[in-house]
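Q: What would the 3D arrangement of this be:
(one chain, ligands or ions: 1)
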Amino acid sequence: MTLPAPSATAASSALVIRRASAQDLAMVVGLRAALRREEQALAGAGLVPEESGGALRDLTRRQLADTSQGWFVATLGNEVCGILRCAIARRDGVARYGVLTTAYVSPACRQRGALRALVGAAADWAGARGVSDLRVRTNTGNATANAAWEALGFVPAQVIRRRVHP
Ligand SMILES: CC(C)(COP(=O)(O)OP(=O)(O)OC[C@H]1O[C@@H](n2cnc3c(N)ncnc32)[C@H](O)[C@@H]1OP(=O)(O)O)[C@@H](O)C(=O)NCCC(=O)NCCS
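A: Numbering: from 1, shown residues only. Model (predicted):
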């Protein structure tokens, strides 16, 4: 999937969406760490996993090697500027559904359709496996992400209620 990049600064390169490979590890880990930092600043304590550094790298290496997961990257030239993971959930008594995680687009690449294109690729990947129900968990404090998912047709379906004892 190749999309024209609308901004003048990106006129010489196009946004390309492709499956991630082990060679993308360093760039995917870098974007994933940035996602953790941004989400930790927006969400309350205890909502965003704390792994970073080596643990995040090991987790990502394992996930990229797992061909049962769909990992997608958006690239501009040689740079990976967006990432998205899709895993198929299998729960007794519930039809299989796709879980989207690790959605992140680097600030310079935002609002150019990268997330829309990544979700399109993940939807095609899941659809080829007979899965049309895609879900994503967002933090209520992340207004941008909620606006983006809403624009992409993802509507609230369940709410996690939380009470933390003092
Ligand atoms: C949320 C995020 C992934 C969106 O990525 P993006 O590439 O900028 O999104 P797109 O350009 O593909 O936009 C998809 C839709 O969301 C809307 N959207 C994107 N950013 C928006 C914003 N700041 N405010 C309102 N709507 C927005 C777009 O208008 C678009 O809808 P449209 O095509 O109907 O116009 C990106 O802002 C990001 O990485 N944020 C930090 C990390 C994060 O919050 N990740 C999500 C965790 S659940």
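
Q: Show the pLDDT at the spatially most central residue of the chain.
A: Geometric centre of the chain, nearest residue: Ala103, 1.9 Å, by C-alpha atoms, centre = their mean. pLDDT recorded at Ala103 is 98.

Q: what do you get for the one 4 residues further on?
A: If you check Pro107, the pLDDT there is 97.

Q: Equivalent analysis for Pro49, please.
A: The model's pLDDT for Pro49 equals 83.

Q: Tell me how many other residues crowd the nearest residue to it once chain neighbours are set aside.
A: Nearest residue to Pro49 in three dimensions, chain neighbours excluded: Arg36, at 7.1 Å (C-beta to C-beta, 6 or more residues apart in numbering). C-betas here are computed from N, CA, C, even on glycine. Residues near Arg36, counting by other C-beta atoms under 10 Å, number 18.

Q: Now do the contacts for the nearest residue in space to Ala157 that is not next to it in sequence.
A: If the residues on either side of it in the chain are set aside, Ala157 comes closest to Arg135, at 7.2 Å by C-beta to C-beta, 6+ apart. Arg135 makes contact with Ala89, Tyr97, Gly98, Val99, Leu100, Phe154, Ala157, according to C-beta atoms under 8 Å, 6 or more residues apart in numbering.

Q: how about those, which pair is most distant?
A: Ala89 and Phe154 (15.5 Å; C-beta to C-beta).

Q: The two: which has the busier surroundings?
A: When neighbours are counted by other C-beta under 10 Å, Phe154 comes out ahead of the other of Ala89 and Phe154, with 16 against 13.

Q: Helices of the chain, start to end?
A: 25-42, 53-65, 114-127, 143-151 (DSSP state H).
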